[in-house]
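Asks: Task: produce atomic coordinates for the following.
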Amino acid sequence: MVAADVYRPAAINQLKTLGKQVGVPVYAEPMGADPVDICVNSLNYAREQASTVVILDTAGRLNIDERMMQEVTSIRNRIQPQEVLLVADAMTGQEAVRVADDFNKAVSLTGMILTKMDGDARGGAALSIRSVTGVPIKFMGLGEKTDALEPFYPDRLASRILGMGDVLSLIERAQETISQEEAARTQAKLQQGKFDLEDFLSAMRQLKRMGPLRSVMEMLPGFNKLAAVPEMEEALEGDQLKYIEAIILSMTKEERRNPDIINGSRRKRISRGSGTTVQEVNQLLEQFSEMRTMIRQLSTGKGRWAQMFRQYGGDTATALPGAPSMPRHGIGGKKTGKAARKERRKQKARSGRR
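Replies: Numbers count the residues shown, from 1 in each chain. As a prediction, the model looks like this:
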């Protein structure tokens, strides 16, 4: 990676830090060097290092100025890169469209990278930029870390905008962060009703590795409507993992595995150990109990949460991995349980009358 942004404070240091995190060398020159010369010199350095890919990080602006345009045009003419990608903030709306159009006219973009696509304005910005510039969107950022950068799939984003979810991306992201053995173990404990606070903490950590909770949940069909439910909306606000982790780690192993034994004195000890209040400990235990009930109901397709999920357009068959398919009444539907027994009694009564 080449640090060619000599204008923004700390830009070079930030790129060096990123390079260390991802294990990629960074080429930089002292402050005051010409960005065009930096890019040209970096190619010689890359050849010496036998690098196969060179990424030039040039300066960017929200407000376009003539000097910057001349600079990026000179870099493109001298370097002749295979790809010219513009990183745009999707949350800036129509301003991002104008910046993209100006850059495209100046340097003939080959693609776009849209960041903050987990925000509310993600759909409009993507559609507008693609329409105005005709340039394909190649990647999108759904968070602040490198693992939140993923390929852009137009059909999947369209499904999210329309509230149809994006189960394929959800599955891919889960496969990247959660091992099959861990998922199978968790699913077995859920089905047996043995899901405890240790499992809950492990699941929360795995979920956080998948990205912001709201962006993950948006991949579920019908979530856009379900998120308006007060209980769900409250659960998605803020990052509560650090408090949850502190509270659970302040418990004994016995308390984590059997939360029902946590009485008043234990709650006071846990609150002191975690730096939280007794009310926050109570809230966590109540939410854990409700969450365990919700997961059990979504897994079986029965209960208030399963009914609510179907009511808002979701399908419990895809809500949780391994969840059984729900029977569908109506054309071609097969009745089971109480409905089936009731139908058999009616048929028997009709046979008796005949």
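
Asks: pLDDT below threshold where in this protein?
Replies: For the chain, applying pLDDT under 70 flags the ranges 61-64, 118-124, 156-180, 182-183, 186-187, 190-193, 207-240, 295-296, 298-306, 308-354.

Asks: rerun that using 50 as the cut-off
Replies: The model of the chain has pLDDT under 50 over residues 316-340, 353-354.

Asks: Lys16 and Ala3 touch, don't they?
Replies: Yes - here Lys16 lies in contact with Ala3, judged by CB atoms under 8 Å, at a distance of 7.1 Å. C-betas here are computed from N, CA, C, even on glycine.

Asks: And the two? Which one has more around it.
Replies: Ala3 (23 against 16; other CB atoms under 10 Å).

Asks: So in terms of bridging, what pairs with the more buried one?
Replies: Bridge pairing for Ala3 (DSSP bridges) gives the partners Asp57.

Asks: need the contact list for it.
Replies: By CB atoms under 8 Å, 6 or more residues apart in numbering, Ala3 lies in contact with 11-12, 15-16, 26-29, 38, 57.

Asks: anything in contact with each of Lys16 and Ala3?
Replies: Shared contacts of Lys16 and Ala3, defined by CB under 8 Å, 6+ apart, are found at 26, 28.

Asks: Just to be sure, which of the contacts of Ala3 are found in helices?
Replies: 11-12, 15-16, 38 (DSSP state H).

Asks: Mind picking the two most distant members of those residues?
Replies: Spanning the widest gap among the ones in helices among the contacts of Ala3 are Lys16 and Ile38, at 14.0 Å by CB to CB.

Asks: Are there residues contacting both of these two? Which ones?
Replies: Residues touching both Lys16 and Ile38 (CB under 8 Å, 6+ apart): 3, 28.

Asks: buried sites along stretch 47-57?
Replies: Buried residues in stretch 47-57, defined by neighbour count with 16 or more other CB atoms under 10 Å: 51, 54, 56-57.

Asks: Tell me which helix or strand Leu127 sits in.
Replies: helix 122-133 (DSSP states H and E).

Asks: Distance of Asp57 relative to Val26?
Replies: Distance of Asp57 to Val26, given as CB to CB, to the nearest Å: 9 Å.

Asks: where do the contact lists of these two overlap?
Replies: Both Asp57 and Val26 are in contact with 1-3, 15, where contact means CB under 8 Å, 6+ apart.

Asks: so where do the strands sit in this protein?
Replies: 2-3, 56-57, 85-89, 111-115, 137-141, 149-151 (DSSP state E).

Asks: I'd like to know which of those strands lies nearest to Ala125.
Replies: strand 111-115 (6.5 Å).

Asks: Give me the angle between the closest one and strand 85-89.
Replies: Computed by axes from the mean of the first three to the mean of the last three CA atoms, to 10 degrees, the angle separating strand 111-115 from strand 85-89 equals 30 degrees.

Asks: Tell me the helices and strands packed up against strand 111-115.
Replies: The contact analysis (3 or more CB pairs under 8 Å, 6 or more residues apart in numbering; DSSP states H and E) places strand 111-115 against strand 85-89, helix 122-133, strand 137-141.

Asks: got the contact list for the second one?
Replies: Where contact means CB under 8 Å, 6+ apart, the residues beyond helix 122-133 that reach it are 88, 90-94, 96-97, 100-101, 104, 109, 112, 114, 116-117, 135-137, 140, 152, 157, 160-161.

Asks: Could you rerun that using 6 Å?
Replies: Applying CB atoms under 6 Å, 6 or more residues apart in numbering, the contact partners of helix 122-133 are 90, 96-97, 100-101, 104, 137, 161.

Asks: Now for those: which two are most distant?
Replies: Asn104 and Ile161 (23.6 Å).

Asks: And those two? Which one has more around it.
Replies: Asn104 (19 against 15).

Asks: so how far is Phe152 from the more buried one?
Replies: Taking CB to CB as the measure, Asn104 falls 17 Å from Phe152.

Asks: Would you check that Arg267 makes contact with Glu280?
Replies: No - Arg267 lies out of contact with Glu280 (CB atoms under 6 Å); the separation is 9.9 Å.

Asks: can you pull the contacts of the nearest residue to Leu85 once chain neighbours are set aside?
Replies: Nearest residue to Leu85, sequence neighbours excluded (CB to CB, 6 or more residues apart in numbering): Gly111, at 4.9 Å. Contact analysis of Gly111 by CB under 6 Å, 6+ apart lists 85, 136, 138.

Asks: what about 8 Å?
Replies: 83-86, 135-139.

Asks: what about Gly19, how many neighbours?
Replies: Using other CB under 10 Å, Gly19 has 16 neighbouring residues.

Asks: Asp57 against Val2, yeah?
Replies: Yes - between Asp57 and Val2 there is a contact at 6.2 Å, judged by CB under 8 Å.

Asks: Any buried residues in stretch 133-141, and which?
Replies: Here stretch 133-141 shows 133, 135, 137, 139-141 as buried, counting by 16+ other CB under 10 Å.
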